[in-house]
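Engineer: Structure, please.
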Amino acid sequence: MNGRREAWKPALWAFYLFVVLEFLFMISPFALHFYAAYGPVLNVFHALPASAWLTGFFLPHFSATTSPFLDSLKGVGFGLAGLGIVVFLVGAVQIYGGKLLRRGAVTGGLYRWIRHPQYLALAVLGFGVVLIWPRFLVLLSYLAMIFIYYLLARWEEERCLALYGDSYREYMAKTGRILPRLWRREADDGAPIRPLRIAAGAALTLAIGLGLALLLRSYSLDRVSALYTERTAVLSPAILSAEELETAYEIATTAAELGARIAAAGDEARFVVYVVPIDWFLPDLPLHTEQEIREVGGGHHTGEFDRDLYKVLFTRARLHGEATGRRIVTRAHGRDPILIVRVDIAAGQVIGTSEPPDHVIWGDIPTPMI
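Structural biologist: Numbering: from 1, shown residues only. Take a look at the predicted model:
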C-alpha cells in the first residue's frame with residue numbers, strides 16, 4: 001500500500017502544478033510560449049456544452065466595478081500567493097535541513113504549531129491563484145487538491161508513526177494537522193481513512209464552492225457597466241453611466257461597415273460588445289496588434305480617461321444553443337471579433353473604424369469576458 005501511495009505522489013504534484021502554472025506563466029516572459037501549448041488544451045472543453053463553462057471566469061479580470069470588495073480581490077490574491085510561497089520555502093528549509101542533518105522528525109519552527117505547514121502554504125498559494133485567475137476550472141481543481149493534501153498528510157503521519165513511535169504520537173497530540181490546535185487532545189492516529197466519507201465531503205465541498213462561484217459571477221455582473229438587448233450584451237471595463245454606455249453603443253452601430261457584417265452573422269447570432277476608453281490598453285480583448293502589445297510590454301493600462309472618446313469592439317459570441325441578454329455573457333465560451341468602431345459621444349459621431357486582430361496575442365484561447 002505504501003508503495004502505491006508513493007507512486008501516486010508525482011501525479012498529484014503534477015496535477016497541482018497544472019493549476020498554478022497558468023498564473024506563474026502569465027507573469028513571466030514565457031507566457032506566449034506557454035499559451036501556444038496550453039490554449040488547445042483549454043479549448044478541448046469547448047466541444048461540449050457540459051464542459052464549455054469550465055474555462056469561464058467567475059470574477060472580473062480586467063473590468064472596474066462599483067464594488068470595493070470585488071476590486072480588492074486581485075490584490076488580495078497576489079498577497080496570498082506571495083505569503084504561500086514564503087511559508088512554503090521556510091517549511092522546505094526546515095524539513096530538508098532536518099533531513100540533511102539527520103535530526104529526526106522536525107518539530108520546531110513552523111512545525112511547532114502544525115504538522116504540515118507546507119500543505120497549508122500551498123493551500124494559501126492556491127487560493128491566491130484562484131483569486132488572480134478565477135476560472136471555474138482552476139477553482140474546482142483547487143478544491144480537489146485540498147482533499148488530496150489531506151490524504152497526503154494522513155499517509156505521511158502513518159509513516160512518521162512507524163518511524164518515530166510514541167515521540168511522534170506525543171507531538172501529534174500537541175499540534176494540529178493543517179491549522180494550529182487550540183487545546184491538547186489525544187492523537188487520532190488510530191482512525192482509519194474512510195474513502196466514502198472523504199468522497200462525500202469532497203463532493204459537498206465542490207458543490208458549495210461552485211455555488212458560491214456562480215453567486216460571485218452574478219454579483220460581478222451586477223457591479224460592472226453593462227446593458228443588454230435580446231441579441232447583444234454591451235459591457236464596459238470602465239465605470240460608465242448608463243447614458244454614456246448607451247450613447248457610445250448607439251453611435252457605433254451607425255458605422256457603415258458594421259451593418260453588413262452583423263447581417264452576415266445571421267439572425268441566430270449573438271454579440272458581445274465592449275465600450276473601452278480610447279486610450280486604455282487591454283490585451284485580454286482583441287483590440288491591439290501583436291506589435292502594439294510588444295511595444296507596450298503587456299499588462300493592463302487603465303486609469304483616468306476622456307469621457308467623450310471610446311473604441312467600441314463588436315464580437316460574435318461563441319455559444320452552444322440559444323442565449324439572450326445577460327445569458328450571452330454567462331454562456332459564451334469565446335468571441336469572434338467583427339469590427340472596432342471609434343466614437344466621439346460629445347460630437348455624436350463615428351470618428352473611425354479598424355479591423356480587429358483575429359484573436360488576442362496568446363492565440364485563439366478562452367480569455368475573460370469581463
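Engineer: Please make it C-alpha for all contacts and neighbour counts, starting now.
Structural biologist: Fine.
Engineer: Could I get the contacting residues of residue 258?
Structural biologist: residue 339 (CA atoms under 8 Å, 6 or more residues apart in numbering).
Engineer: mind checking which helix or strand it is in?
Structural biologist: helix 256-265 (DSSP states H and E).
Engineer: Mind giving me the packing neighbours of the helix or strand following that helix?
Structural biologist: Under the assignment DSSP H and E, the closest C-terminal helix or strand after helix 256-265 is strand 271-277. Under the contact criterion of 3 or more CA pairs under 8 Å, 6 or more residues apart in numbering; DSSP states H and E, strand 271-277 touches strand 232-236, helix 242-252, strand 309-317, helix 327-331.
Engineer: chain center to the helix holding residue 258: distance?
Structural biologist: Mean C-alpha position of helix 256-265 versus that of the full chain (CA atoms, centre = their mean, to the nearest Å) differs by 34 Å.
Engineer: Any idea how many residues pack against residue 88?
Structural biologist: Number of residues near residue 88 (other CA atoms under 10 Å) recorded here: 20.
Engineer: For stretch 320-336, buried residues please.
Structural biologist: Across stretch 320-336, burial judged by 16 or more other CA atoms under 10 Å covers 323-326, 328-336.
Engineer: Where do the domain boundaries of this protein fall?
Structural biologist: 2-220, 225-354 (automatic domain parsing).
Engineer: on that earlier part again, could I get the helices and strands packed on strand 271-277 in CSV, plus columns for distance to residue 220?
Structural biologist: Shown next, in CSV, are the helices and strands packed on strand 271-277 (distance: least, CA to CA, whole Å):
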stretch, distance to residue 220
strand 232-236, 12
helix 242-252, 17
strand 309-317, 19
helix 327-331, 11
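Engineer: Those: which one's closest to residue 57?
Structural biologist: helix 327-331 (9.1 Å; CA to CA).
Engineer: what's the closest one in contact with?
Structural biologist: Contacts of helix 327-331 (CA under 8 Å, 6+ apart): 53, 232-233, 270-272, 317, 319-320, 323, 369.
Engineer: what's the most distant pair in the residues you listed?
Structural biologist: Most distant of these, by CA to CA, are 53 and 232, 19.2 Å apart.
Engineer: which one of the two has more residues nearby?
Structural biologist: Taking neighbours as other CA under 10 Å, residue 53 and residue 232 compare with residue 232 leading, 24 against 18.
Engineer: you'd agree residue 351 is in a strand?
Structural biologist: Yes. Assessed with DSSP: H, G, I helix; E, B strand; the rest coil, residue 351 lies in a strand.
Engineer: so where is the stretch 1-150 of the chain shaky, pLDDT-wise?
Structural biologist: 1-38, 96-109 (pLDDT under 70).
Engineer: If we use 90, what do you get?
Structural biologist: 1-44, 47, 81, 84-126, 128-130, 132-133, 137-150 (pLDDT under 90).
Engineer: all helices of it, in order?
Structural biologist: 2-26, 31-43, 49-52, 68-100, 117-132, 136-164 (DSSP state H, counting those that start in this stretch).
Engineer: how about the helices and strands packed on strand 271-277, which one is nearest residue 357?
Structural biologist: Closest among the helices and strands packed on strand 271-277, using CA to CA: strand 309-317, at 10.9 Å.
Engineer: other SSEs contacting that closest one?
Structural biologist: By 3+ CA pairs under 8 Å, 6+ apart, strand 309-317 packs against helix 242-252, strand 271-277, strand 335-344.
Engineer: Neighbouring strands of that strand in the sheet, and parallel or not?
Structural biologist: Here strand 309-317 has these sheet partners by DSSP bridges: strand 271-277 (antiparallel), strand 335-344 (antiparallel).
Engineer: Check these for me and report the most buried one.
Structural biologist: strand 271-277 (a mean of 26; mean count of other CA atoms under 10 Å).
Engineer: That one: what's the following helix or strand?
Structural biologist: helix 290-296.
Engineer: would you put the C-alpha positions of that next one in PDB?
Structural biologist: Output of helix 290-296 as PDB, limited to C-alpha atoms (Å, rounded to 0.1, in the frame of the first residue of the first chain):
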ATOM      1  CA  GLU A 290       0.900  41.900 -31.600                       C
ATOM      2  CA  GLN A 291       3.300  44.700 -32.400                       C
ATOM      3  CA  GLU A 292       1.400  47.200 -30.200                       C
ATOM      4  CA  ILE A 293       1.400  44.800 -27.300                       C
ATOM      5  CA  ARG A 294       5.100  44.000 -27.600                       C
ATOM      6  CA  GLU A 295       5.900  47.800 -27.700                       C
ATOM      7  CA  VAL A 296       3.800  48.400 -24.600                       C
END
